[in-house]
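K.L.:
okay, predicted coordinates and the sequence, questions at the end:
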Amino acid sequence: MTAPTPECSIIVPVYDERDSVAELADQIDSAFAPLDRTFEILFVDDGSADGTWEVLDELSERFSFVNAIRLRRNFGKSAALGVGVDHAQGSILITIDGDLQDDPAEIPRFLEEIDRGGGLVSGWKVNRRDPLSKRLPSRVFNWVTSKACGINMRDHNCGFKAGPTELYRSIPLYGELHRFIPAMASNLGYEVVEIPVNHRAREHGRSKFGLERYVRGFLDLITVLMITRYRSRPGHLLGGLGLLLGTIGILILSYLTGIWAFTDDPIGTRPLLVLGVMLITVSTQLFSFGIIAELIVNSSERAEHPDLVRQRTAS
């Protein structure tokens with residue numbers, strides 16, 4: 001007999017979390033016990049080397065709602081989430097970290113927000129139980145991301161989220177782009193709701209992320225801006241940068257021209273002359289790249305029309 005399709009899929013990317021996964025599965029099961037919803041837990045083992053896979057294999061045999069996927073090596077959280085999204089069966093998708101710091105008891109609140117019509121529900125770790133060395137860079141990252149992406153959120157980086165599976169399948173997940181799921185969802189026209197959630201201190205293992213993740217995150221922020229704000233108008237970004245650099249270059253060369261015309265000072269050996277010429281050259285290149293990019297986008301938009309319709313009246 002074929003098992004019924006679950007309504008909710010809980011995706012848990014894990015990397016060396018052997019001591020946490022069994023307890024997490026129990027807590028998720030307890031969270032769904034009072035709910036009239038079917039669910040599955042999909043663990044994605046991102047190349048663990050501490051015996052996590054053996055524990056997951058045992059859990060999948062003990063519980064019918066537990067499934068596990070093992071990646072060939074450590075590809076990163078975004079890739080692991082992407083694999084989970086591809087294999088999820090439920091129409092509602094919940095992502096939660098595997099280190100037990102996110103509290104599964106909050107899951108009913110996420111589902112309540114979705115039932116009210118929320119597109120993406122994202123957690124906000126109000127009282128974050130992490131050291132100051134992680135909290136301060138995270139605050140800076142959240143502030144910069146909010147200003148750059150035009151979506152005001154307190155915690156872009158929280159891994160505890162829920163939304164329709166179709167939403168997750170509409171956004172790219174690679175590199176460090178999992179940190180920008182709210183920004184990309186908002187760009188697609190989905191409502192983004194942020195709710196405070198309980199955050200717990202880590203009891204097992206250690207954090208797999210250091211300060212370098214924020215460097216990668218800021219680089220991926222540029223990617224997100226390109227695929228959200230400037231996907232259909234790359235010429236505005238490249239042309240704007242070209243205009244800025246070209247203006248600076250013209251001002252420098254105008255200043256040097258004035259010195260050459262009204263004084264006897266030579267300007268041929270001045271580093272400022274090289275800088276001005278270089279800025280004008282780079283500006284011209286950016287304008288050219290912008291025009292080429294606009295032509296490419298125009299051709300691709302004609303061939304591919306994304307579904308932007310939210311609702312239509314019955315005929």
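P.N.:
Received, thanks.
K.L.:
please make it C-alpha for all contacts and neighbour counts, starting now.
P.N.:
Fine.
K.L.:
show me where the protein has its strands.
P.N.:
With DSSP state E as the definition, the chain shows strands at residue ranges 8-14, 39-45, 66-70, 92-95, 120-125, 161-164, 192-197.
K.L.:
can you list the strands that the last one pairs with?
P.N.:
Right, the one you point to is strand 192-197. Taking DSSP bridges as the criterion, strand 192-197 forms sheet pairs with strand 120-125 (parallel).
K.L.:
CA atoms of the strand it pairs with as PDB?
P.N.:
Extracted as PDB, the C-alpha positions of strand 120-125 are listed here (Å, rounded to 0.1, in the frame of the first residue of the first chain):
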ATOM      1  CA  LEU A 120       7.200  33.000   3.500                       C
ATOM      2  CA  VAL A 121       7.400  32.900   7.300                       C
ATOM      3  CA  SER A 122      10.900  33.500   8.600                       C
ATOM      4  CA  GLY A 123      12.100  33.200  12.200                       C
ATOM      5  CA  TRP A 124      13.700  35.900  14.200                       C
ATOM      6  CA  LYS A 125      16.100  34.800  17.000                       C
END
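K.L.:
can you list the weak-confidence ranges in this structure?
P.N.:
Residue ranges of the chain with pLDDT under 70: 1-3, 205-215, 217, 230-232, 297-315.
K.L.:
scan it for its longest helix.
P.N.:
Secondary structure assigned by DSSP state H gives helix 271-303 as the longest helix of the chain.
K.L.:
just checking, what packs against it?
P.N.:
On a contact count with 3 or more Cα pairs under 8 Å, 6 or more residues apart in numbering; DSSP states H and E, helix 271-303 meets helix 234-262.
K.L.:
next, the buried residues of the helix it packs on.
P.N.:
234-243, 245-249, 252-253, 256 (16 or more other Cα atoms under 10 Å).
K.L.:
just how off-centre is stretch 176-186 within its chain?
P.N.:
3 Å (Cα atoms, centre = their mean, to the nearest Å).
K.L.:
should've said stretch 85-96
P.N.:
Computed by Cα atoms, centre = their mean, the chain-centroid distance of stretch 85-96 equals 16 Å.
K.L.:
again, but for stretch 162-170
P.N.:
Using Cα atoms, centre = their mean, the offset of stretch 162-170 from its chain centre is 13 Å.
K.L.:
restrict that stretch to CA atoms and write it as CSV.
P.N.:
Output of stretch 162-170 as CSV, limited to C-alpha atoms (Å, rounded to 0.1, in the frame of the first residue of the first chain):
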residue,chain,number,x,y,z
ALA,A,162,8.4,27.9,6.3
GLY,A,163,6.6,28.5,3.0
PRO,A,164,5.0,26.8,0.0
THR,A,165,7.2,24.3,-1.8
GLU,A,166,6.5,26.1,-5.1
LEU,A,167,8.2,29.2,-3.6
TYR,A,168,11.4,27.3,-2.8
ARG,A,169,11.4,25.7,-6.2
SER,A,170,11.3,29.1,-7.9
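K.L.:
what sits up against it?
P.N.:
Applying Cα atoms under 8 Å, 6 or more residues apart in numbering, the contact partners of stretch 162-170 are 85-86, 88, 90-95, 110-111, 114, 118-122, 185.
K.L.:
try it again at 7 Å.
P.N.:
85, 91-95, 110, 114, 119-122, 185 (Cα atoms under 7 Å, 6 or more residues apart in numbering).
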